[in-house]
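S.K.: Structure here, sequence nowhere to be found:
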């Protein structure tokens, strides 16, 4: 891959996010004179792109400047949020080119992953910008190692912009810097002094030394401190001449290990981590769990170190630990005490984890909480989450890999045990389905029937009509259940295809969803049936 920086080019850039027009007029010429060529901006920074272009043209640097800008954001409710749709990325790029005018874009980045858009869709749209000749290079911003690796299969990634400083080393711990160094991809380090508040408390000598230490991490690292004064830009440029000892990115693990182990049980919420950890605790492993102890993961890491220092040789931890960065502390603690670290990954489909969380709610409270109750419970009750929180965890998940430093990686697929106390099965009927008598006959006409629906303030009568139709055709009891909660990201567990309504119905009556039938009308109901283990029926 072609090197991102040209030979002899200063490995310090300038973040321009908060600069006003007046500050641009003073600071940009000073930065250019000091040898800085990399300038970072974004479509979401208001008029920043145009102001930067004006300042570069005014000091004659429009041809030599390396402008990095970002797109893929939309303005909603007064805030910028990620929008990774292909049409947005293209439109933002065209708008950035217009704002910069005669100042060319050197590298165009996706500002942040959009959880509502498939990542592959966004990256392919990025690759098309190069293919169609709009920009010469593209890259990513605010990504982890997994998203970077997925993008590398689809687009010629030249640069990755991430937070990196003495106060935020997640990109280092998470393997992003390692991967970029391996492939010669530039690491554009934003907030290299810890953000505006910390940077204001840091004097020039300390700031220059902090930047020099980042440069020593790897030859691909390009810090982009923010500067609003000419002297700050000159100070940043001076950091490139400071020599400090290069810090190795990889850790050395060549040591003789003691008997024992540290086991990390990981998985998304609802994966069954507590049960797996309890099995190890029964074998005299010391269990460390944040939900039990309270506090933060950082405090739990300290507790692990203290536990191992006290002489414990078998320890199990079972929080989510979704990212490589969060898991790195566990590996390091085990290494300090010369113990192997093993990870057990409970790899569970989202739908099955959703069932587990709903069952947990029903077991604790006997019924499904409404959205307000769920928000309150999520703040005070360990392990109780809204659906969006669980989905967010799945998006953040980076599968564990031996190259993180694990002595072993054990992947366990989820298998649901049959219910031993169930009295039989049920028939679940979606009110939106065409309920033909022959479909009802394929179920058990004598079984309890649940007709379920979601209204969102629309036709509530649909549920009543469907209940009446089903009741006229079967011998078993028929009940209706309605989710009245709003559209958008789910705030409850009862909106189909989430499994709350069928599970609550089955639990009260001691029925087994896996021995049931679900009559539905489309892919969402088919998905729900598959999650429950129920036989799916539909007209046609």
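M.R.: All right, it came through fine. Values in this document were obtained by computation on a predicted structure and should not be read as measured data.

S.K.: any idea how this structure splits into domains?
M.R.: Here the domain parsing of the chain from automatic domain parsing is 13-241, 267-413, 427-537.

S.K.: export those to JSON lines and tack on mean pLDDT?
M.R.: Written out in JSON lines, the entries for the domains of the chain read as follows (pLDDT from 0 to 100):
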{"stretch": "domain 13-241", "mean pLDDT": "95"}
{"stretch": "domain 267-413", "mean pLDDT": "93"}
{"stretch": "domain 427-537", "mean pLDDT": "92"}
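
S.K.: Out of those, which gets nearest to residue 419?
M.R.: In terms of C-beta to C-beta, the element of the domains of the chain nearest to residue 419 is domain 427-537, at 4.6 Å. C-beta: built from backbone N, CA, C; applies to glycine.

S.K.: for the closest one, the distance to its chain's centre please.
M.R.: Averaging C-alpha coordinates over domain 427-537 and over its chain gives two centres that are 32 Å apart (C-alpha atoms, centre = their mean, to the nearest Å).

S.K.: how long is that domain from one end to the other?
M.R.: Looking at domain 427-537, the gap from its leading to its trailing residue is 10 Å under the measure C-alpha to C-alpha, to the nearest Å.

S.K.: Likewise for stretch 333-344?
M.R.: Between the opening and closing residues of stretch 333-344 there is a gap of 17 Å (C-alpha to C-alpha).

S.K.: tell me which residues in it are buried?
M.R.: 333-335, 337, 339-344 (16 or more other C-beta atoms under 10 Å).

S.K.: likewise stretch 466-474?
M.R.: Residues 466-467, 469-471, 473-474 are the ones in stretch 466-474 that count as buried (16+ other C-beta under 10 Å).

S.K.: same deal with stretch 112-131?
M.R.: Along stretch 112-131, these residues count as buried under the neighbour rule (16+ other C-beta under 10 Å): 112-115, 117, 119, 122-130.

S.K.: Which residues does it contact?
M.R.: Applying C-beta atoms under 8 Å, 6 or more residues apart in numbering, the set of residues contacting stretch 112-131 from outside is 72-73, 82-86, 89-90, 93, 108, 110, 135-138, 141-143, 147, 150-151, 154-156, 391-392, 395.

S.K.: Now the buried members of those.
M.R.: 72-73, 82-85, 89-90, 93, 108, 110, 135, 137-138, 141-143, 147, 151, 154-156, 391-392.

S.K.: Just the ones in strands from those residues, please.
M.R.: 73, 82, 108, 110, 137-138, 141 (DSSP state E).

S.K.: And the furthest pair within the residues you listed?
M.R.: Of all pairs drawn from those, the greatest distance, 21.0 Å, lies between 82 and 137 (C-beta to C-beta).

S.K.: Adding distance to residue 259, write the domains of the chain out as CSV.
M.R.: As requested, these are exported to CSV (distance: least, C-beta to C-beta, whole Å):
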stretch, distance to residue 259
domain 13-241, 27
domain 267-413, 7
domain 427-537, 43
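
S.K.: Would you tell me which of those gets closest to residue 4?
M.R.: Comparison of the domains of the chain against residue 4 by C-beta to C-beta identifies domain 13-241 as nearest, at 3.7 Å.

S.K.: That closest one: end-to-end distance?
M.R.: End-to-end distance of domain 13-241: 14 Å, with C-alpha to C-alpha as the criterion.

S.K.: what's the answer for stretch 128-137, then?
M.R.: End-to-end distance for stretch 128-137: 11 Å, by C-alpha to C-alpha.

S.K.: From the ones in strands among the buried ones among the contacts of stretch 112-131, pick the one nearest residue 241.
M.R.: Here the nearest of those to residue 241, counting by C-beta to C-beta, is residue 137; it sits at 26.9 Å.

S.K.: contacting residues around residue 392?
M.R.: If a contact means C-beta under 8 Å, 6+ apart, then residue 392 has residue 115 as its contacts.

S.K.: how near is it to residue 322?
M.R.: 10 Å (C-beta to C-beta, to the nearest Å).

S.K.: cool, and residue 141?
M.R.: Separation of residue 141 from residue 322 (C-beta to C-beta) stands at 20 Å.

S.K.: Helices along the stretch 101-250 of the chain, start to end?
M.R.: 119-131, 145-152, 170-173, 176-183, 196-200, 204-217, 230-238 (DSSP state H, counting those that start in this stretch).

S.K.: brain fart, the stretch 401-540 of the chain
M.R.: Ranges of helices in the stretch 401-540 of the chain, per DSSP H, counting those that start in this stretch, are 437-442, 461-471, 500-508, 523-532.

S.K.: which residues sit in contact with residue 93?
M.R.: Shown in contact with residue 93 (C-beta under 8 Å, 6+ apart): 71, 105, 108, 129, 134-135.

S.K.: which two in the buried residues of stretch 112-131 are spaced the farthest apart?
M.R.: 115 and 130 (24.8 Å).

S.K.: Surely residue 61 forms part of a helix?
M.R.: No: note on residue 61: no helix contains this position according to DSSP: H, G, I helix; E, B strand; the rest coil, which reports coil.

S.K.: So the closest residue to it other than its chain neighbours: helix, strand or coil?
M.R.: Taking C-beta to C-beta, 6 or more residues apart in numbering as the measure, residue 61 lies nearest to residue 32, with 4.5 Å between them; neighbours along the chain are not counted. Reducing the assignment to helix, strand or coil with three-state DSSP, the entry for residue 32 is helix.

S.K.: Residue 32 touches residue 63, doesn't it?
M.R.: No: Residue 32 lies out of contact with residue 63 (C-beta atoms under 8 Å); the separation is 11.4 Å.

S.K.: follow-up on the earlier one: looking at the helices of the stretch 401-540 of the chain, which is nearest to residue 450?
M.R.: Distances from residue 450 to each of those were compared using C-beta to C-beta; the shortest belongs to helix 500-508, at 4.4 Å.

S.K.: Name whatever forms a beta bridge with residue 157.
M.R.: Beta bridges link residue 157 to residue 138 when assigned by DSSP bridges.

S.K.: returning to that earlier point: now, which of the contacts of residue 93 sits nearest residue 285?
M.R.: The shortest gap between residue 285 and any of the contacts of residue 93 belongs to residue 71, at 48.9 Å (C-beta to C-beta).

S.K.: Quick one: residues contacting the nearest residue in space to that closest one that is not next to it in sequence.
M.R.: By the measure of C-beta to C-beta, 6+ apart, the closest residue to residue 71 outside its immediate chain neighbours is residue 92, 2.9 Å from it. With contacts defined as C-beta under 8 Å, 6+ apart, the neighbours of residue 92 are 43, 71-73.

S.K.: This completes my enquiry, with thanks.
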